[in-house]
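Asks: sequence and predicted structure are below.
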Amino acid sequence: VQLQASGGGLVQAGGSLRLSCAASGRTSSSYAVAWFRQVPGKEREFVAAISWSGGSTFYGDSVKGRFTISRDSAQNTFYLQMNSLKAEDTAVYYCAADGLGPDSHDYEYWGQGTQVTVSS
């Protein structure tokens, strides 16, 4: 599976961004997918995950109520809608696939990362 993340950029605090992750190779509907983020000097942080069916979603505590993960299996693409962005959301965001839960070590495939910068 190859993953290509996009949609990052610079946004003011309180604004919104939508990240996309396009999957190719194995059919995307057969595995769970997730978003993680990382800032220099810190471990990769779990942001959100969605089950293979799309029926279950999970969020990190710091983004609950502000971020929404979704997937379009027909397009082999999944998304992260980020609203009410804060300066502390600034990070490189990575999409991941074929894993389970919030542990980044459980995920088999990773995208290249996209930078999100929130100015205060």
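Replies: Looks like it arrived, so ask away. Numbering: from 1, shown residues only.
Asks: for the residue most central in space within the chain, which non-adjacent residue is closest in space?
Replies: With distances taken as C-alpha atoms, centre = their mean, residue 35 lies nearest the centre of the chain, 2.5 Å away. Sequence neighbours aside, residue 47 is the residue nearest to residue 35 in space, at 4.2 Å (criterion: C-beta to C-beta, 6 or more residues apart in numbering). In short, each C-beta sits where N, CA and C put it, glycine included.
Asks: look up phi and psi at that neighbour.
Replies: Backbone torsions of residue 47, given as degrees, to the nearest 10, read phi -110, psi -60.
Asks: list the contacts of it.
Replies: By C-beta atoms under 8 Å, 6 or more residues apart in numbering, the contact list for residue 47 reads 34-37, 59-60, 63, 67, 69, 80, 93.
Asks: what two of the residues you listed are the furthest from one another?
Replies: Greatest spatial distance in those: 59 and 93, 14.0 Å, computed using C-beta to C-beta.
Asks: so if I had to pick from these two, which one is more boxed in?
Replies: The residue with more neighbours, out of residue 59 and residue 93, is residue 93; 24 against 19, by other C-beta atoms under 10 Å.
Asks: follow-up on the earlier one: against residue 24, how distant is the residue nearest to residue 35?
Replies: Between residue 47 and residue 24 the distance is 22 Å, computed by C-beta to C-beta, to the nearest Å.
Asks: kindly report the same for residue 119.
Replies: 33 Å.
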